[in-house]
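J.: pasted the sequence and its predicted model underneath.
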Amino acid sequence: MDAKKVLDDLKRRFPNEVEYHQAVEEVLSTIEEEYNKHPEFDKVNLIERLCIPDRVFQFRVTWMDDKGNIQTNMGYRVQHNNVIGPYKGGLRFHSSVNLGILKFLAFEQTFKNSLTTLPMGGAKGGADFTPRGKSNAEVMRFCQSFMLELSKHIGPDIDVPAGDIGVGGREIGYMFGMYKKLRKEFTGVLTGKSMEFGGSLIRPEATGYGNIYFLMEMLKTKGTDLKGKSCLISGSGNVAQYTAEKVLELGGKVLTMSDSNGYIYDPDGITTEKLNYIMELKNVYRGRISEYADKYGVKYVAGEKPWGEKADIALPSATQNELNGDHARQLVANGVIAVSEGANMPSTPEAIEVFQDAKILYAPGKAANAGGVSVSGLEMSQNSLRLSWTSEEVDNRLKSIMKNIHEACVKYGTQPDGYVNYVKGANVAGFMKVAKAMMAQGIY
């Protein structure tokens, strides 16, 4: 495989999709050595088939706002690869959503889902609609209109969407209700549902918890844990909230959280009581993180990320490319020993290079944040069985999955000097399972 040739061809075919190109380049650069050990892959042009999605749906979403005006948004679903199971991946509602971002996310999701060992393919979708600032009625009308089209392309054995940025329990509920009405059936077609109609315990917590379980496995390789460690967390949504909750439970200290407007720095630490305030602020009142600074009299920095603050561990949990090379150099200079990604591709390629050159522990999102989709997969299993497992059962399964992902990363990512390149380990482990399944199923 000539990685540069493959990437150049993708850029020619799909120009201006920079996030997609970035994700493909990161994977190709790390799997090339392993790929070239298997000449049978090249004979069937496997790499190009793996990079290009199976299909992409784009559609108009028309809905009425509370003033009676008709609004129009674009909806998407990228079904990337279903060789190891039904398509599986979140829906993102945010003004930044475009095809390039969703193709990158679907591509990443394919390898992430492969790492979980659960039978799930990779997909992603969403719309350039932002729920923030909209009434419940407006969000409901949008979700119903969105599902009018999406319902034609999904199903419990075809494609099972979940939530992502801008899509929480409220949005999942509205979409599930519309799907059920349209299809006249009650099936586990969406995950992240409320407990009242087929949801799984631990699902809201899963991405944040899973990230910390993976971090703990990394720290074990250095003979340490989270007790007494200070942590920088970006974001204040679902992932960040439960990342913070698990850090506190395991004896760590949370110094920062953020949103799109800026970040707060609490030198005394965000306690459980303070975290409960953030959860209410964000989940109920949908307020801004600056209100925390006003309430507790701590530092608030508008328009900035928290990576300049001094701490032991960084946990980027907001969005893609939020941590750049300069941020990474600041973190390393300030003595950070580990970075574990709760978001999808939050570190730029330059930042990743800085972390790896410094030989600190660095876990990419496709490994560290796989807990969310893992419990989504467990929710699918419970729906198929018409059963609900206890919190302890789900949490133990999640811990086991994250431990297995860590072991796979160590197996494929350990360098001659003993340093574990978790990026390479995750990419190669995820790729090999998908590649072998593709070979077994023939060319079509």
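T.: Cool, got the structure.

J.: name the SS class of Ala318, please.
T.: Following DSSP: H, G, I helix; E, B strand; the rest coil, we place Ala318 in the coil state.

J.: skipping its backbone neighbours, what lies nearest it in space?
T.: Leaving aside its chain neighbours, Ala318 sits nearest to Gly235 (3.6 Å; criterion: CB to CB, 6 or more residues apart in numbering). Glycine gets a C-beta too; all of them are placed from N, C-alpha and C.

J.: burial of that neighbour, as a residue count?
T.: Neighbour count of Gly235, defined by other CB atoms under 10 Å: 30.

J.: right, and it touches Ser260 too?
T.: No. Between Gly235 and Ser260 there is no contact under CB atoms under 8 Å: 9.4 Å.

J.: quick one, phi/psi of the residue nearest to Ala318?
T.: Backbone torsions for Gly235, taken as degrees, to the nearest 10, come to phi 90, psi 170.

J.: all numbers from here: first residue = 545
T.: All set: I'll call the first residue 545, so the last point we hit is now Gly779.

J.: for it, give me its contacts.
T.: Shown in contact with Gly779 (CB atoms under 8 Å, 6 or more residues apart in numbering): Met801, Ser802, Asp803, Pro860, Ser861, Ala862, Thr863, Gly886, Ala887.

J.: so how far is Asp803 from the nearest residue to Ala784 once chain neighbours are set aside?
T.: Nearest-residue entry for Ala784: Ser861, 4.1 Å, with adjacent residues in sequence omitted and distances by CB to CB, 6+ apart. In this view, Ser861 and Asp803 are 11 Å apart by CB to CB, to the nearest Å.

J.: please say which of those two ends up with more neighbours.
T.: A direct count of neighbours by other CB under 10 Å for Ser861 and Asp803 places Ser861 higher, at 30 against 21.

J.: so that one sits against Val783, correct?
T.: Yes. Under the criterion of CB under 8 Å, Ser861 makes contact with Val783 at 4.5 Å.

J.: hey, what's in contact with both of those two?
T.: Contact criterion CB under 8 Å, 6+ apart; residues shared by Ser861 and Val783: Gly752, Asn755, Gly886, Ala887.

J.: which of those fall within helices?
T.: By the criterion of DSSP state H, membership of the shared contacts of Ser861 and Val783 in helices covers Gly752, Asn755.

J.: how far away from the center of its chain is stretch 727-740?
T.: 21 Å (CA atoms, centre = their mean, to the nearest Å).

J.: pull up the distance across it, start to finish.
T.: Distance across stretch 727-740, first residue to last, is 20 Å (CA to CA, to the nearest Å).

J.: in that stretch, which residues are buried?
T.: For stretch 727-740, a neighbour-count test (16 or more other CB atoms under 10 Å) marks Thr731, Gly732, Val733, Leu734, Thr735, Gly736, Lys737 as buried.

J.: ditto for stretch 845-853
T.: Residues Val845, Lys849, Pro850, Trp851, Gly852, Glu853 are the ones in stretch 845-853 that count as buried (16+ other CB under 10 Å).

J.: tell me which two in those are the farthest apart.
T.: Maximum pairwise distance among the buried residues of stretch 845-853 (CB to CB): 11.1 Å, between Val845 and Trp851.

J.: neighbours of the residue nearest to Gly781 when sequence neighbours are not counted, how many?
T.: The spatially closest residue to Gly781, leaving aside those adjacent along the chain, is Lys826, at 6.6 Å (CB to CB, 6+ apart). Neighbourhood size, Lys826 [other CB under 10 Å]: 22.

J.: then Glu897?
T.: Other residues lying near Glu897 total 13 when counted by other CB under 10 Å.

J.: measure it to Thr816 for me?
T.: Here Glu897 is placed at a distance of 37 Å from Thr816 (CB to CB).

J.: kindly export the regular element (helix or strand) spanning Leu875 (C-alpha atoms) in PDB.
T.: Element membership for Leu875, per DSSP states H and E: helix 869-877. Output in PDB follows, covering the C-alpha atoms of helix 869-877 (Å, rounded to 0.1, in the frame of the first residue of the first chain):
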ATOM      1  CA  GLY A 869       0.300  21.700  19.000                       C
ATOM      2  CA  ASP A 870       0.800  24.800  21.100                       C
ATOM      3  CA  HIS A 871      -1.700  23.500  23.700                       C
ATOM      4  CA  ALA A 872       0.200  20.100  23.700                       C
ATOM      5  CA  ARG A 873       3.500  21.800  24.300                       C
ATOM      6  CA  GLN A 874       2.000  23.700  27.200                       C
ATOM      7  CA  LEU A 875       0.600  20.500  28.700                       C
ATOM      8  CA  VAL A 876       4.000  18.700  28.400                       C
ATOM      9  CA  ALA A 877       5.900  21.700  29.800                       C
END
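
J.: packing partners of the helix or strand just after it?
T.: Next helix or strand after helix 869-877 toward the C-terminus (DSSP H and E): strand 882-884. Packing partners of strand 882-884 (3 or more CB pairs under 8 Å, 6 or more residues apart in numbering; DSSP states H and E): helix 750-764, strand 857-859, strand 905-907.

J.: ok, and what's touching strand 882-884?
T.: Contacts to strand 882-884, defined as CB under 8 Å, 6+ apart, come from residues 755-756, 758-759, 762-763, 856-860, 867, 875, 891, 899, 904-907, 912.

J.: okay, now the sheet partners of it, with direction.
T.: strand 857-859 (parallel), strand 905-907 (parallel) (DSSP bridges).

J.: quick check: mean pLDDT across that strand?
T.: Averaging pLDDT along strand 882-884 yields 98.

J.: after it, which helix or strand is next? Please name it.
T.: Next helix or strand after strand 882-884 toward the C-terminus (DSSP H and E): helix 893-901.

J.: give the buried residues for that next one.
T.: Ala895, Ile896, Val898, Phe899, Gln900.

J.: looking at these, spot the one nearest Ser928.
T.: Ile896 (37.6 Å).

J.: need the longest strand for the protein.
T.: In the chain, taking DSSP state E as the definition, the longest strand is strand 614-625.

J.: check which helices and strands that strand sits against.
T.: strand 599-608, strand 631-637, helix 643-659, strand 666-671, helix 680-694, strand 703-707.

J.: helices or strands up against the shortest one?
T.: Other elements packing on strand 703-707 under the criterion 3+ CB pairs under 8 Å, 6+ apart are strand 614-625, strand 631-637, strand 666-671, helix 713-727, helix 915-929.
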